[in-house]
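>>> A structural model of the following input is requested.
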Amino acid sequence: MVEPFTFEEAGYILYADMLDRLRTQFPSVPSWRLDQIVSAEHDAITGGVLRIVPAEVEAGAVEMLNREVQGDLEEDGEVA
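Here you go, the predicted structure:
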């Protein structure tokens with residue numbers, strides 16, 4: 001028999017919860033930019049649109065936002 005598991009145990013998180021954490025961690029970044037970065041990171045990993053995302057999407061978005069806040073992205077604002 002298969003044991004039930006949570007999204008977190010499977011390596012997934014809720015999209016809305018992730019955005020809330022990113023907004024808290026990066027209050028100076030506009031919501032539209034957070035959505036843009038998360039969408040790009042999600043598409044890079046999954047190639048599709050979901051309401052739950054692999055936990056790695058948040059880690060990748062945090063990495064990109066840290067670079068952006070530090071001014072390390074190209075001037076044209078291109079996302080990875």
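
>>> what's residue 41 in contact with, if anything?
57, 60-61, 64, 80 (CB atoms under 8 Å, 6 or more residues apart in numbering). Backbone N, C-alpha and C define where each C-beta goes, glycine included.

>>> Which secondary structure element of the chain has the lowest mean pLDDT?
strand 52-54 (a mean of 71; mean pLDDT, DSSP states H and E).

>>> out of the contacts of residue 41, which are inside helices?
Residues from the contacts of residue 41 lying in helices, with DSSP state H as the criterion: 57, 60-61, 64.

>>> want to throw these into a markdown table with neighbour count?
Formatted as a markdown table, those follow (neighbours: other CB atoms under 10 Å):
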| residue | neighbour count |
| --- | --- |
| 57 | 25 |
| 60 | 19 |
| 61 | 24 |
| 64 | 18 |
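
>>> farthest pair in those?
Longest distance between any two of the ones in helices among the contacts of residue 41 is 10.6 Å, between 57 and 64; criterion CB to CB.

>>> In the chain, what residue spans correspond to strands?
12-14, 52-54 (DSSP state E).

>>> partners of the first one in the sheet?
With DSSP bridges as the criterion, the sheet partners recorded for strand 12-14 are strand 52-54 (antiparallel).

>>> can you count the residues close to the residue nearest to residue 26 when sequence neighbours are not counted?
Using CB to CB, 6 or more residues apart in numbering and skipping residues adjacent in sequence, the residue nearest residue 26 is residue 65, 5.1 Å away. Residue 65 has 20 neighbouring residues, counting by other CB atoms under 10 Å.
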